[in-house]
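Trainee: Sharing a model that was predicted from the sequence below.
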Amino acid sequence: CLRQTVFLEWAPRSTKEGFKGMHTLEEGAKLKTERPDPKGPFILDNGNELERTSEFYVLYREAGTDDMLKPAVISMSRTRLGEARTWNSKIDSRMHNKRRIKPIYQIWDLTTAVRKGVEGDSHVWKVGEGKLLPDVFGDDAKLIAQQAMDFQQSVIGGTKGADYTEETDVADKEIAEEDF
């Protein structure tokens with residue numbers, strides 16, 4: 001439905017205070033930050049952490065069901081930014097009859113997988129092959145496209161968006177291992 005890159009401001013994890021605010025890409029680029037650890041987050045003057053985040057506003061249903069589509073936000077930051085770039089590239093390169101297909105008419109199968117690492121295991125997003133909305137939903141494609149456009153406009157208009165207030169630690173263990 002919609003994708004955007006933002007900067008999320010978090011209190012240091014040790015304080016357990018959680019989410020402090022969201023900044024547009026333009027605002028985030030103007031903020032004064034330090035990065036004491038090249039692998040760590042950017043630190044603002046107030047001590048909060050600033051995370052560059054790719055957000056994908058999507059409609060989803062669980063694999064293997066015919067349930068109604070539900071709105072959701074998939075946020076990717078830190079090590080997930082590479083996965084976000086891969087998905088963005090796939091979205092941007094999707095063509096039909098030599099014409100670029102708007103993201104709102106694309107369907108993507110997403111799954112999670114475990115990646116083994118030296119510092120522990122983590123969950124990663126796997127983006128499957130893209131499909132066209134009419135190929136998946138047939139006669140319902142126009143209705144689904146309208147639902148996607150309505151969701152997109154509500155995000156742009158500010159009436160819907162991600163709620164980070166309950167999110168204090170987005171550790172890998174919290175990512176559900178299920179298909180979207």
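Mentor: It's in. Numbering: from 1, shown residues only.

Trainee: can you map out the helices along this protein?
Mentor: Assigned by DSSP state H, the chain shows helices spanning 25-30, 81-93, 133-137, 141-156.

Trainee: closest to V127 out of those helices?
Mentor: helix 81-93 (4.8 Å; C-beta to C-beta). Quick note: C-beta positions are derived from backbone N, CA and C, even for glycine.

Trainee: would you put the C-alpha positions of the closest one in CSV?
Mentor: In CSV, the C-alpha atoms belonging to helix 81-93 read as follows (Å, rounded to 0.1, in the frame of the first residue of the first chain):
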residue,chain,number,x,y,z
LEU,A,81,17.5,-2.4,6.3
GLY,A,82,19.2,-4.7,3.8
GLU,A,83,16.0,-6.8,3.5
ALA,A,84,14.0,-3.6,3.1
ARG,A,85,16.3,-2.5,0.2
THR,A,86,15.9,-5.9,-1.4
TRP,A,87,12.1,-5.7,-1.1
ASN,A,88,12.0,-2.1,-2.4
SER,A,89,14.1,-3.1,-5.3
LYS,A,90,11.7,-5.9,-6.2
ILE,A,91,8.7,-3.6,-5.9
ASP,A,92,10.3,-0.9,-8.0
SER,A,93,11.4,-3.3,-10.8
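
Trainee: low pLDDT regions in the chain?
Mentor: Within the chain, the segments meeting pLDDT under 70 span 164-180.

Trainee: about what we covered before: same list (the helices of the chain) but as TSV, adding distance to D121 and mean neighbour count.
Mentor: Shown next, in TSV, are those (distance: least, C-beta to C-beta, whole Å; neighbours: other C-beta atoms under 10 Å):
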stretch	distance to D121	mean neighbour count
helix 25-30	30	12
helix 81-93	16	15
helix 133-137	32	14
helix 141-156	33	16
